[in-house]
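Peer 1: Compute the structure for the input listed below.
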Amino acid sequence: MQSEGTLDKIWNELQRQLDAKGLKVKTGVIQDATFIEADFGKKRYQEEKKAKKEGREIEYTDKQKAHMDKDGTFAVKGQEVHFGYKLHQKSDVDFGLIRDFGVTTASTNDNQVDLVESGDNAAYRDKGYAGTKLRAKVKDMTMKKAARNRPLTKAEKRFNISVAKIRSQGERPFAVIQRVFNGGTTRVKNIGRVSVQQAIECFAFNLYQLFTLKKQGRF
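Peer 2: Next comes the predicted model:
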């Protein structure tokens, strides 16, 4: 397994080569996130819940502990409950290539991760990032969010529609990773290993996208 430092070097070299081919960030970038589902151990979870109710503690062997997820957490979105991690990724508007990514535990709010850098020109983000200021000095194209007693204005609604058309392109990497590479899940048991797994999947997506761009005569 490659170390984190080595993975960084490989990823940065990929980005350097993309830029060298003229596939640089131009219009802007799209940041979005998706869940990476992990196995929380349903049987063990039920046993622990029962033991807690009865006021007793379960002792696990070292072998059992080695198979327990150490960093995965629960998160609720809409009516769905997720356990595991989140993949945060930034893709460019013009070519749909992943430019940066990060992995967190599932309960981390999307707006706690900012992948946007100076030189990205503009950042397109959904309502989940509303109210979170970007660190980099780029054009903030985050969709507007209504608040209690303050509905969106007509101008804000028009703005959201225009942003949504561009922002929706950022869902393609997730769709390809899940449907083509059978990704979106993990069997490894800590955030470091999940990060390595996701780095490989993001790298693979970029190769897949490069093949598509080549067929289109984009470079």
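
Peer 1: In this structure, which helix is the longest?
Peer 2: Scanning the chain for the longest helix, with DSSP state H as the assignment, gives helix 191-215.

Peer 1: can you give me the strands in this structure?
Peer 2: Assigned by DSSP state E, the chain shows strands spanning 29-37, 73-77, 80-92, 98-105, 122-125, 139-142.

Peer 1: where does the fifth one sit relative to the chain's centre, distance-wise?
Peer 2: Taking CA atoms, centre = their mean, to the nearest Å, one finds strand 122-125 lying 15 Å from the centre of the chain it belongs to.

Peer 1: Please read off the pLDDT at the spatially most central residue of the chain from the model.
Peer 2: Closest residue to the average C-alpha location of the chain: residue 88 at 2.1 Å, with CA atoms, centre = their mean. Note on residue 88: pLDDT of 98.

Peer 1: likewise the one 5 residues further on?
Peer 2: Residue 93 is assigned a predicted lDDT (pLDDT) of 98.

Peer 1: If we ignore the residues flanking it in sequence, what's nearest it?
Peer 2: Nearest residue to residue 93, sequence neighbours excluded (CB to CB, 6 or more residues apart in numbering): residue 27, at 4.1 Å. Placement of C-beta: from N, CA and C, glycine included.

Peer 1: so how far is residue 92 from the one you found?
Peer 2: Distance check for residue 27 against residue 92: by CB to CB, to the nearest Å, it reads 8 Å.

Peer 1: Give me the below-cutoff pLDDT ranges for this structure.
Peer 2: 1-4, 42-51, 60, 64-66 (pLDDT under 70).

Peer 1: The same query, at a cut-off of 80, please.
Peer 2: Along the chain, segments meeting pLDDT under 80 span 1-4, 40-56, 58-68.

Peer 1: How many residues are close by residue 8?
Peer 2: Applying other CB atoms under 10 Å, we find 12 residues neighbouring residue 8.

Peer 1: Kindly report the same for the one 4 residues further on.
Peer 2: Look at residue 12: counted by other CB under 10 Å, it has 10 neighbours.
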